[in-house]
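Visitor: with the input below, show me the fold.
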Amino acid sequence: MNDRVLQSIARGAKLQTLTPLELRLDEKPLTIDPRPRRRVKAWVRFGDTPVHVDAVAARWTADAVGIVFTIDGHEHRCWVWSSAVDEIP
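Guide: Numbering: from 1, shown residues only. So this is what the prediction gives:
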């Protein structure tokens, strides 16, 4: 996606993330990478707009991935379903 379009989308709407109820971190094992480096492509939503971003997987469960990505110098963090993430070789 064009960087300017992505910047505009990110400025215009709130980044969506999975809720605690969906994550169930009190019930499921959680892995936290102390030095996140697994590069991924992930589908995220800013408001109702889905976008495909380059990110790093920082933590994960069997069902979800916590990702970190940067748009226009601003770091964003969110949880997405694992099916929304593809690892970059």
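
Visitor: which residues belonging to stretch 79-89 are considered buried?
Guide: Trp79, Val80, Ala84, Val85 (16 or more other C-beta atoms under 10 Å). To be clear about C-beta, it is placed using only N, CA and C from the backbone, and glycine gets the same treatment.

Visitor: my guess is the first one meets Gln16, correct?
Guide: Same thing as Trp79. No: taking contacts as C-beta atoms under 8 Å, Trp79 lies outside contact range of Gln16: 9.4 Å.

Visitor: so His76 sits against Gly66, correct?
Guide: No: under the criterion of C-beta under 8 Å, His76 makes no contact with Gly66, lying 11.4 Å away.

Visitor: what's the average pLDDT for stretch 31-41?
Guide: Here stretch 31-41 scores 96 as its mean pLDDT.

Visitor: buried ones in that stretch?
Guide: Result for stretch 31-41 [16+ other C-beta under 10 Å]: buried residues Val40.

Visitor: contacts for that stretch?
Guide: With C-beta atoms under 8 Å, 6 or more residues apart in numbering as the contact definition, stretch 31-41 has outside contacts at 52-61, 65, 67-68, 85-88.

Visitor: please apply the same query to stretch 10-21.
Guide: With C-beta under 8 Å, 6+ apart as the criterion, stretch 10-21 contacts 44-49, 64, 71-72, 74, 76-81.
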